[in-house]
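Visitor: Using only what follows, build the 3D model:
(one chain, ligands or ions: 1)
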Amino acid sequence: AIYNDPSKLPTGNKYDFIVIGAGTAGNVVANRLSENPKWKILVIEAGRYNEGFQDELIKIPFLGPQASPGTSFDWNYTTIPQDAINNQNIPFPRGYVLGGSSSTNYMVYTRCSKNDYDHFGEIAGDDGWSWDKILPYAFKNEKHVPPNDGHDETGQYLPELHGTDGPLLTSLPGFLTDIDDRVLAVTQQDPEFPYNPDYDSGNPIGVSWMHSTIGGPLRSSSATAYLIPAVESRSNIDLLYNAQVTRLIQSGKAGTVPVFRGVEFARSSRSKRYAVTATKEVVLSAGAFGTPQLLLLSGIGPKDELSQVGIQAVVDSPQVGKNLVDHPLLPIQWTANSNNTMDPILRGGDALEAGIQEYYDTGKGRLAANGVSNHMAFFRLPDDSPILSANGDPSSGGTAPHYELAFGNGFFTTSQPIPESGSYFSIINVVVSPTSRGTITLASKDPFAHPIIDPRLLETEFDRQTMIYSVRASQRFAASQAFDDYVTGNYTNLITDDDILEYMAQWATTIKHPFSTARVNTDPSQGVVDGQLLVHNVRGLRVVDASAWPFIPAGHPQAPLYIFAERAADVIKAAWA
Ligand SMILES: Cc1cc2nc3c(=O)[nH]c(=O)nc-3n(C[C@H](O)[C@H](O)[C@H](O)COP(=O)(O)OP(=O)(O)OC[C@H]3O[C@@H](n4cnc5c(N)ncnc54)[C@H](O)[C@@H]3O)c2cc1C
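Guide: Modelled structure (predicted):
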């Protein structure tokens, strides 16, 4: 059953598992656990329902980037001033809606490098997380469907690498653009930018067609793929939304070890608190900000830090809220000799209206497809790069990229204003193996107060130098023969490294991939959860979301998170078999 008010949740209900957060990972776990009809599952979500007011923003693919920040779908977090980005406070979106960030993200689906999974397995001391072992879960997650425009996708991906009967819908670009052939031509002309027939093979290096979590003209999220189908078809799963978990309650002790199977929740700061207890486990899937915040509020965290906000530590766990890592992003633009479909729509007005009309009339067109890019490219720094010799190689291995390029047939921006006229070409640069690490800490013991978020974006020399390298690679890409009659000039005039650093300090931002704030490590002084994702020195509590990853995967993380959550559900099932 579905409840939207804590007071309506029947008090007599007994739950085997309580999943906190109906987000990307949480919904996978909830769905898979509810496959066992003997178990009763409760999912508690702070945010709103995924239908209703303005839901076109989270359904119509092209409008996805408008779903946050500053909307009812978003937590509307902001960082504290970021030193390397001119001390700016940067908006840091997180989904506040069924599906969590999978309902508000940009839908890019990349499995990332096999080295990332193998590295995870090594750190966790469990090779079940390694690429070879976890790959079946990638197929279990995915259902590849034809692109929305019905174009022939032969040669644009390797079908044998993709799932065909999982719940999550993925597809190749549903709207072809005037730069697609040029991007592909570069891969034929310039050995620096080779073609990769499918970035989901475990080796993402090169330029590939992009996959998105889109089925037909609609976003596919963990709410539409996992949560709603389970709640609608099974009687053993309850969903409570509009209810924020305010802390975990210690429900007893196992010997000297505290047991945390109780969950307290409320609708708002001043409203009544309610509580419910799981008989088996509480699964914390509140995301890279919500999960450490809840652990801290519950007395699980660095003892000294907790006492500063008046919380007594139950478990002194030094890594809670530490190791926050994210991918910095920097778009650059050129003027273009083109009548691209993107810029007029981005400027709003008539073109946007016409696009929306076409969408509702036909289910096709620019609005029905992802606007981010039709291709994605991942690269490593050269082996003899001075950046690597000075800083070491932070990537997880030879198929894990250091930086990413994505190509926009229009003025791609996250914070820059779009010029009022003209046509543009953009390349988005992302450092995907960053070394900067930040923190999330409590501002107060009020669970409704936003935590202090400090990702320290671009703080390290490695990250800044890699970004410079990426921008240089973008400039070479745009200067290639295939773009000769297309790119007409620089919009961003970046000549020296200092120009790039200055531009970076002004315009770099987050790609919105926070990770590792409750990371896996077999050593409790180094990590928050063990290789089976159980919170160290506590019973009854597991973490399944981006916070648990020991590091950030080098690519877009939703696919790795879905795959990881699919396996996590099996780990939980095995523990209670
Ligand atoms: C705007 C944006 C664009 C992105 N673009 C991409 C992309 O194109 N491709 C990609 O791969 N990744 C992208 N990402 C990142 C990706 O979506 C996330 O890494 C991933 O969805 C995180 O999954 P999660 O399960 O850890 O957390 P989430 O999906 O965020 O789920 C956490 C859930 O817990 C809920 N919650 C939090 N605290 C509480 C509480 N106290 N009580 C109850 N519920 C709570 C939240 O409301 C949320 O529903 C993007 C993210 C954003 C925000």
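Visitor: Can you get me the start-to-end distance on stretch 507-514?
Guide: The first residue of stretch 507-514 is 19 Å away from its last residue (C-alpha to C-alpha, to the nearest Å).
Visitor: and what of stretch 292-302?
Guide: 11 Å.
Visitor: just how off-centre is it within its chain?
Guide: 22 Å (C-alpha atoms, centre = their mean, to the nearest Å).
Visitor: what is the mean pLDDT for it?
Guide: On average, the pLDDT along stretch 292-302 is 98.
Visitor: so what's residue 207 bridging to?
Guide: When bridges are called by DSSP bridges, residue 207 pairs up with residue 195, residue 377.
Visitor: wouldn't it be in contact with residue 375 here?
Guide: Yes: between residue 207 and residue 375 there is a contact under C-beta atoms under 8 Å: 5.7 Å. C-beta here means a position set from N, CA and C on the backbone, and glycine is covered the same way.
Visitor: which residues do these two both contact?
Guide: With contacts defined as C-beta atoms under 8 Å, 6 or more residues apart in numbering, the residues adjacent to both residue 207 and residue 375 are 183-184.
Visitor: which residues touch residue 82?
Guide: Residue 82 sits next to 88-90, 454-458 when contact means C-beta under 8 Å, 6+ apart.
Visitor: again, only using 6 Å
Guide: Listed by C-beta atoms under 6 Å, 6 or more residues apart in numbering, the contact partners of residue 82 are 88, 90, 457.
Visitor: Out of these, list just those in strands.
Guide: Using DSSP state E, the subset of the contacts of residue 82 located in strands is empty.
Visitor: Looking at the residues you listed, which one is closest to residue 399?
Guide: residue 457 (25.3 Å; C-beta to C-beta).
Visitor: What sits closest to that closest one if chain neighbours are left out?
Guide: Once flanking residues are discounted, residue 457 sits nearest to residue 328: 4.8 Å by C-beta to C-beta, 6 or more residues apart in numbering.
Visitor: The one you found and the ligand: what is the separation?
Guide: 14 Å (C-beta to the nearest ligand atom, to the nearest Å).
Visitor: Any chance of the backbone angles for that residue?
Guide: Main-chain torsions, residue 328, degrees, to the nearest 10: phi -80, psi 150.
Visitor: so what's it up against?
Guide: Counting by C-beta under 6 Å, 6+ apart, residue 328 has contacts 431, 457-458, 508.
Visitor: quick one: pLDDT of the closest residue to residue 570 other than its chain neighbours?
Guide: Of all residues not flanking residue 570 in the chain, residue 32 sits nearest, at 7.4 Å (C-beta to C-beta, 6+ apart). Per-residue pLDDT puts residue 32 at 99.
Visitor: again with the one 4 residues further on
Guide: Taken from the predicted model, the pLDDT recorded for residue 36 is 98.
Visitor: Can you tell me the closest non-neighbouring residue to it?
Guide: Using C-beta to C-beta, 6+ apart, the closest residue to residue 36 is residue 573 (7.1 Å).
Visitor: what number of residues lie near that neighbour?
Guide: Neighbour count of residue 573, defined by other C-beta atoms under 10 Å: 15.
Visitor: so where do the helices sit in the stretch 401-550 of the chain?
Guide: 461-478, 497-507 (DSSP state H, counting those that start in this stretch).
Visitor: To residue 290, which of those lies closest?
Guide: Using C-beta to C-beta, the helices of the stretch 401-550 of the chain put helix 461-478 closest to residue 290, at 25.5 Å.
Visitor: Tell me what angle the closest one forms with helix 497-507.
Guide: 100 degrees (axes from the mean of the first three to the mean of the last three C-alpha atoms, to 10 degrees).
Visitor: List the buried residues of helix 461-478.
Guide: Using 16 or more other C-beta atoms under 10 Å as the test for burial, helix 461-478 gives 462-471, 473-475, 477-478.
Visitor: quick revisit: now the contacts of residue 82 in CSV, with distance to the ligand, neighbour count and pLDDT?
Guide: Shown next, in CSV, are the contacts of residue 82 (distance: C-beta to the nearest ligand atom, whole Å; neighbours: other C-beta atoms under 10 Å; pLDDT from 0 to 100):
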residue, distance to the ligand, neighbour count, pLDDT
88, 18, 19, 98
90, 13, 21, 97
457, 15, 28, 98
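Visitor: Whatever residue of the chain ends up closest to the ligand: what's it in contact with?
Guide: Using C-beta to the nearest ligand atom, the closest approach of the chain to the ligand is made by residue 23 at 1.8 Å. The neighbours of residue 23, taking C-beta under 6 Å, 6+ apart as the test, are 100, 285, 287.
Visitor: same question, residue 76
Guide: Contacts of residue 76 (C-beta under 6 Å, 6+ apart): residue 69.
Visitor: Run the chain-centre distance for the lowest-mean-pLDDT helix or strand in the chain.
Guide: The helix or strand of the chain with the lowest confidence, counting by mean pLDDT, DSSP states H and E, is helix 342-346 at a mean of 92. Averaged C-alpha coordinates place helix 342-346 at 25 Å from its chain's average position (C-alpha atoms, centre = their mean).
Visitor: which element follows it toward the C-terminus?
Guide: helix 350-362 (DSSP states H and E).
Visitor: who touches that next one?
Guide: Under the contact criterion C-beta under 6 Å, 6+ apart, helix 350-362 has outside partners 344-345, 365-368.
Visitor: list the buried ones in the helix or strand hosting residue 188?
Guide: Using DSSP H and E, residue 188 maps to helix 180-189. Residues of helix 180-189 classed as buried by neighbour count (16+ other C-beta under 10 Å): 180, 182-184, 186-187.
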